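J.: With the input below, show me the fold.
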Amino acid sequence: MNKAKLVEEVSDETGLTKENIRNIIDATTKTIKNALSKGERVTLVDFGTFQVIKKKARRGRNPQTGKKLQIPAKKVPKFVPGKGLREKIR
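T.: Numbering: from 1, shown residues only. Below is the predicted model:
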């Protein structure tokens with residue numbers, strides 16, 4: 001499902017206009033991004049938790065040349081599904 005389909009489905013479910021739903025989705029994703037950029041966790045009860053994890057630097061290998069290289073440490077976003085979401089997709 002892409003954003004347009006999500007907007008359509010939520011609009012049908014709530015009776016709100018597609019423009020309002022699009023604005024709500026944009027504001028929600030922007031707020032989640034801002035919170036994650038500050039190192040905060042975002043928990044939506046029964047849905048899941050968005051968080052940032054730190055990956056350590058590690059050694060890797062270029063698959064084309066076989067040459068060893070150093071992969072730097074970095075922060076990456078992570079989503080952990082909540083109980084309600086896990087149960088829904090079983």
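
J.: The helix ranked longest in the chain - what's its average pLDDT?
T.: Looking across the chain with DSSP state H, the single longest helix is helix 18-37. Throughout helix 18-37, pLDDT has a mean value of 97.

J.: can you tell me the average pLDDT over the helix or strand following it?
T.: Downstream of helix 18-37, the next assigned helix or strand under DSSP states H and E is strand 42-44. Average pLDDT, strand 42-44: 97.

J.: for strand 42-44, which positions count as buried?
T.: Buried positions in strand 42-44, judged by neighbour count with 16 or more other C-beta atoms under 10 Å: residue 42. Using the backbone N, CA and C atoms, a C-beta is placed for each residue, glycine as well.

J.: that older thread, and the longest helix of the chain, what's buried?
T.: Of all the residues in helix 18-37, those buried under the rule 16+ other C-beta under 10 Å are 21-22, 36.

J.: export those residues to CSV and tack on distance to residue 66?
T.: Formatted as CSV, these follow (distance: C-beta to C-beta, whole Å):
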residue, distance to residue 66
21, 50
22, 48
36, 36
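
J.: so which strand or helix has residue 84?
T.: Using DSSP H and E, the element containing residue 84 is helix 83-88.

J.: tell me how far that helix is from the chain's mean position?
T.: Mean C-alpha position of helix 83-88 versus that of the full chain (C-alpha atoms, centre = their mean, to the nearest Å) differs by 17 Å.

J.: got the contact list for it?
T.: 46-48 (C-beta atoms under 8 Å, 6 or more residues apart in numbering).

J.: Using the record, which stretches count as separate domains in the chain?
T.: Per the record, the chain has its domains at 1-39, 41-90, by automatic domain parsing.
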